[in-house]
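**Q** could you look at this predicted model? Sequence included:
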Amino acid sequence: MAKEKARDLRAGIALLWGEQDQPTRGPKPSLTPHRIAEAAVAIADAEGLDAVSMGKVAAEFGVSAMALYRYVPGKAELVELMVESVLAPAPDLSAAGAGWRPQITEWAVQSVRIHRAHPWLLAATAMRRQLMGPNQLAWLDAALAALEPTGLTAAQQHQVFVLVAGLVRSLVQQQLDFDEEHSQEWNRLTGELLDRHADRFPALTRAIAAGAFAPDPVDPLEFGLARILDGVQALIDQG
């Protein structure tokens, strides 16, 4: 098996941050990394991240795949550009009003919204060795700015961010994985199993009988955030 060629991370950073050298001679480039990323985003939105390839994106512009390499070194760099494209602009938390709690809540709401609009974003931002561009860092910066007035240490602020971002990712993944027909069949079969083996799972059987898995009118994001932020407030009060 051929060894995978190591990425030029400096070149990737330059591309994401618009710091790559521009040619001073020759014809003006007909494409830009931004246009290429937008075309790739459209494919991913419609067909998923796995459907994105240099060849498929090139076909959108009527050029060969090799022609794209003049602008984007490869698939990894293309995905990073796609992430940057959909994360613009940075979240505006001012409408949420003053206070760290409403602002972090607004951050989470906007994050859920953008992940729902681009379901492939979960996989794209979980990729190993992914580089971060200015737009992605701006989302982190906005969350940390909202948490600064809490008086928590910088490390604690980052830990809160990780908790909130993790909740967002978990809830979005659950929503993407949900299939109504499969869920109904699973519930039916599981119910039959528990009817036969209730004595082996007494706590689960009691929880189901009490409505633990019934539809809940409370928004899971609202519920999860409230629990996390209550804990953060308790930590602030201790300090």
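**A** Cool, the structure landed.
**Q** now the helices for this protein?
**A** For the chain, the helices defined by DSSP state H cover 9-16, 33-47, 54-61, 65-68, 75-86, 100-117, 121-124, 134-147, 154-177, 180-197, 202-209, 220-238.
**Q** let me see the residues that make contact with the longest one.
**A** Contacting residues not belonging to helix 154-177 are listed as 104, 107-108, 111-112, 115-116, 119, 122, 140, 143-144, 147-148, 150, 152, 220-221, 224-225, 228, 232, 235 [Cβ atoms under 8 Å, 6 or more residues apart in numbering]. All C-beta spots, glycine's among them, are computed from the backbone N, C-alpha and C.
**Q** out of those residues, which end up buried?
**A** 104, 107-108, 111-112, 115, 119, 122, 143, 147, 150, 152, 221, 224-225, 228, 232 (16 or more other Cβ atoms under 10 Å).
**Q** ok so, going back, including mean pLDDT and distance to residue 94, could the helices of the chain go into TSV?
**A** Shown next, in TSV, are these (pLDDT from 0 to 100; distance: least, Cβ to Cβ, whole Å):
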stretch	mean pLDDT	distance to residue 94
helix 9-16	89	27
helix 33-47	97	27
helix 54-61	96	36
helix 65-68	92	39
helix 75-86	95	22
helix 100-117	97	8
helix 121-124	94	24
helix 134-147	96	10
helix 154-177	95	18
helix 180-197	80	38
helix 202-209	87	42
helix 220-238	96	19
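**Q** so which of these comes closest to residue 93?
**A** Residue 93 lies closest, by Cβ to Cβ, to one member of these: helix 100-117, at 4.3 Å.
**Q** the closest one: how far from the chain's middle?
**A** 11 Å (Cα atoms, centre = their mean, to the nearest Å).
**Q** tell me the angle it makes with helix 33-47.
**A** 70 degrees (axes from the mean of the first three to the mean of the last three Cα atoms, to 10 degrees).
**Q** can I get the CA coordinates of helix 100-117 in CSV?
**A** Provided in CSV are the C-alpha atoms of helix 100-117 (Å, rounded to 0.1, in the frame of the first residue of the first chain):
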residue,chain,number,x,y,z
TRP,A,100,-23.3,35.5,29.5
ARG,A,101,-26.2,33.1,29.7
PRO,A,102,-28.5,34.5,27.0
GLN,A,103,-25.5,35.1,24.8
ILE,A,104,-24.3,31.5,25.1
THR,A,105,-27.8,30.3,24.5
GLU,A,106,-28.0,32.4,21.3
TRP,A,107,-24.6,30.9,20.2
ALA,A,108,-26.0,27.4,20.6
VAL,A,109,-29.2,28.2,18.8
GLN,A,110,-27.3,29.7,15.8
SER,A,111,-24.9,26.7,15.8
VAL,A,112,-27.7,24.2,15.7
ARG,A,113,-29.3,26.2,12.9
ILE,A,114,-26.2,26.1,10.7
HIS,A,115,-25.6,22.4,11.4
ARG,A,116,-29.1,21.6,10.4
ALA,A,117,-28.8,23.6,7.2
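**Q** what's that helix in contact with?
**A** 45, 86-87, 91, 93, 95-97, 121-122, 139, 142-143, 146-150, 160, 164-165, 167-169, 171-172, 175, 221, 225, 229, 233.
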